[in-house]
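*Asks:* What follows is a predicted protein model with its sequence.
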Amino acid sequence: MEVIVLVGILIVVFVVEIVYYRLHALDNLRLKVDFSKNIAEYGEDIELIEVAENKKRLPLPFIILKFETPRELRFYDTEKISTSDFTYREDMLTMKAFSKHTRRIKVKCTKRGYYVFPRVGITTSDMLLFERFTKEFDNEANLMVLPKVLRTNITEILMSVTLSELQRRRTLLTDPFSLAGIREYGPNDPMKSINWKASARVGELMVNQNASTCAQKVHIFVNLENYNPRGSTFLLEYALSLAYTYLLELAKLNIPSSLYTNGRDILSDLPVVSETDPGPAAVTKRGVMLSGIDLKKPVAAFPGIIEKYIYSTDQSDFILIISPQYSDSFRALLAELKTIRPSLLWINPCSSNSPEVGLEPSISDSYMRWEVAGNE
């Protein structure tokens, strides 16, 4: 008789426990997955922060925290993940009553882009591990990984060409009636530019520095149209990296610039354009804009971008075109563009085995082939 009573009591306890956990196991549970920062450099190590809370008296024998991340965020700890198009991670722990769990996981940012954690999940069970309960949570974490900053000689070559071209155009446009300041005499300065009063005051030759008739700018146009039938993005990523690296170098020298692309923003679906120069302190803003370009979206027509924005530039400004695509129609567009903007350079990112581009004579002196490292 005692055995029957004991069994009955155990059954009642078991049923009550199951029912109670079924009703309340997921009450007052919280889970948030966030990043240690919202903007990261290419190749930078950041932290993924898990915060789980059990805000009730009911203890949980275990919880499994589940979330998925893009493969471009690489975990150093690979024991708890599985991989397909995404990386799926599961972390298991025990949660006491009114407890909080925080875990910081180191990840490496291996590709430019905009990444989100829209949903995360928790799985738990009753104390007897008889039944499992799962709940998903909305999550608002997002991360912008900036384009890669290039460490190759292409940047030095491009800056050398830019400064030479700006200097040449500035010499043509110097205003002899506008004084920008006084500086030390150089071996190439004409004698008529010497300021004799200033020279006598400081005890060495000083010359007047004339101002240009206009403030010259650099305008960067990035064409992200497909360059092969496979729809590869390898060279397009290099085009974005070059644009960002170039913007950084211009900002260091306080050279005003603008940016025009036919790539579409992942959130707004609009072409990414920045006409107003943000200055050196805000150049990261343009990096964020480039990070948000979704190369899976159809691009806007590049001739339309040129037509819409080219007339906001001045004839004395330097125009840089970055385009892996080199079709006949594209080259014809550049030939036409050069007739109204002679200070122009087209950089063509390509693989080492890419064929030579057949150039029209009118743009042959405005072309630079850039063989990038790596294979598609």
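*Replies:* Thanks, I have the structure now. Residues are numbered from 1 along each chain as shown.
*Asks:* ok, residue 282 to residue 28 distance?
*Replies:* 43 Å (Cβ to Cβ, to the nearest Å). All C-beta atoms are positioned from the backbone trio N, CA, C, and that covers glycine.
*Asks:* for residue 68, same thing?
*Replies:* 25 Å.
*Asks:* out of the two, which sits in the more crowded spot?
*Replies:* Between residue 68 and residue 28, counting by other Cβ atoms under 10 Å, residue 68 is the more crowded of the two (17 against 12).
*Asks:* what does the helix or strand where that one lies rub up against?
*Replies:* Per DSSP states H and E: residue 68 is located in strand 60-70. Around strand 60-70, the neighbours that count as contacts under Cβ atoms under 8 Å, 6 or more residues apart in numbering are 25, 29, 31, 33, 48, 50, 52, 54, 86-95, 107, 113, 115, 117, 119-127, 129, 139.
*Asks:* again, 7 Å this time
*Replies:* With contacts defined as Cβ atoms under 7 Å, 6 or more residues apart in numbering, strand 60-70 is touched by 25, 31, 33, 50, 52, 54, 86-95, 115, 117, 120-125, 127, 129.
*Asks:* can you check stretch 308-315 too?
*Replies:* With Cβ under 7 Å, 6+ apart, stretch 308-315 has contacts from 214, 219, 260, 275, 319, 337, 341.
*Asks:* any chance you could map the helices in this protein?
*Replies:* Remark: helices assigned in the chain by DSSP state H are 2-24, 153-172, 196-202, 234-252, 283-291, 302-309, 328-340.
*Asks:* Just give me the lowest mean pLDDT stretch among these.
*Replies:* Ranked on mean pLDDT, the bottom entry among the helices of the chain is helix 196-202, at a mean of 69.
*Asks:* before we move on, the earlier item: okay, now the sheet partners of the strand holding residue 68, with direction.
*Replies:* strand 86-95 (antiparallel), strand 113-125 (antiparallel) (DSSP bridges).
*Asks:* buried ones in the last one?
*Replies:* Of the residues in strand 113-125, those buried by neighbour count under the rule 16 or more other Cβ atoms under 10 Å are 113, 114, 115, 117, 120, 121, 122, 123, 124, 125.
*Asks:* Between the residues you listed, which has the least confident prediction?
*Replies:* Per-residue pLDDT puts residue 117 lowest of the buried residues of strand 113-125, at 80.
*Asks:* how about that residue, what does it touch?
*Replies:* Contacts of residue 117 by Cβ under 7 Å, 6+ apart are 33, 67, 139, 141.
*Asks:* beta partners for the nearest residue to the second one once chain neighbours are set aside?
*Replies:* What sits nearest to residue 67 in space, not counting adjacent residues and going by Cβ to Cβ, 6 or more residues apart in numbering, is residue 120, at 4.3 Å. In this entry, residue 120 is beta-bridged to residue 67, residue 137, by DSSP bridges.
*Asks:* which residues sit in contact with residue 120?
*Replies:* 31, 33, 66, 67, 137, 139.
*Asks:* The residue nearest to residue 372 when sequence neighbours are not counted and residue 98, how far apart?
*Replies:* In space, and not counting its chain neighbours, residue 372 is closest to residue 238: 4.8 Å by Cβ to Cβ, 6+ apart. Between residue 238 and residue 98 the computed distance is 52 Å (Cβ to Cβ).
*Asks:* And those two? Which one has more around it.
*Replies:* residue 238 (24 against 13).
*Asks:* so that one touches residue 371, yeah?
*Replies:* No - using Cβ atoms under 7 Å, residue 238 makes no contact with residue 371, being 10.4 Å away.
*Asks:* how does the protein divide up, domain by domain?
*Replies:* 26-145, 153-170+214-371, 181-212 (automatic domain parsing).
*Asks:* can I get those domains in TSV with distance to residue 1?
*Replies:* Below are the domains of the chain laid out as TSV (distance: least, Cβ to Cβ, whole Å):
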stretch	distance to residue 1
domain 26-145	26
domain 153-170+214-371	71
domain 181-212	107
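*Asks:* Could you identify which of these is most buried?
*Replies:* domain 153-170+214-371 (a mean of 17; mean count of other Cβ atoms under 10 Å).
*Asks:* thinking again about what came up before, worst mean pLDDT among the domains of the chain?
*Replies:* What stands lowest among the domains of the chain, in mean pLDDT terms, is domain 181-212, with a mean of 67.
*Asks:* re earlier: any idea how far the residue nearest to residue 67 is from residue 24?
*Replies:* From residue 120 over to residue 24 (counting by Cβ to Cβ), the distance is 21 Å.
*Asks:* circling back: would you turn the helices of the chain into TSV with distance to residue 224?
*Replies:* Below are those laid out as TSV (distance: least, Cβ to Cβ, whole Å):
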stretch	distance to residue 224
helix 2-24	53
helix 153-172	18
helix 196-202	51
helix 234-252	5
helix 283-291	11
helix 302-309	8
helix 328-340	12
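*Asks:* Mind checking those helices for the one nearest to residue 76?
*Replies:* When the helices of the chain are compared by Cβ to Cβ, helix 283-291 sits nearest residue 76, at 22.7 Å.
*Asks:* isn't residue 124 right up against residue 25?
*Replies:* Yes - the pair residue 124 / residue 25 is scored as a contact, 5.6 Å apart, by Cβ under 7 Å.
*Asks:* which neighbours do the two share?
*Replies:* Common neighbours of residue 124 and residue 25 (Cβ under 7 Å, 6+ apart) are 60, 133.
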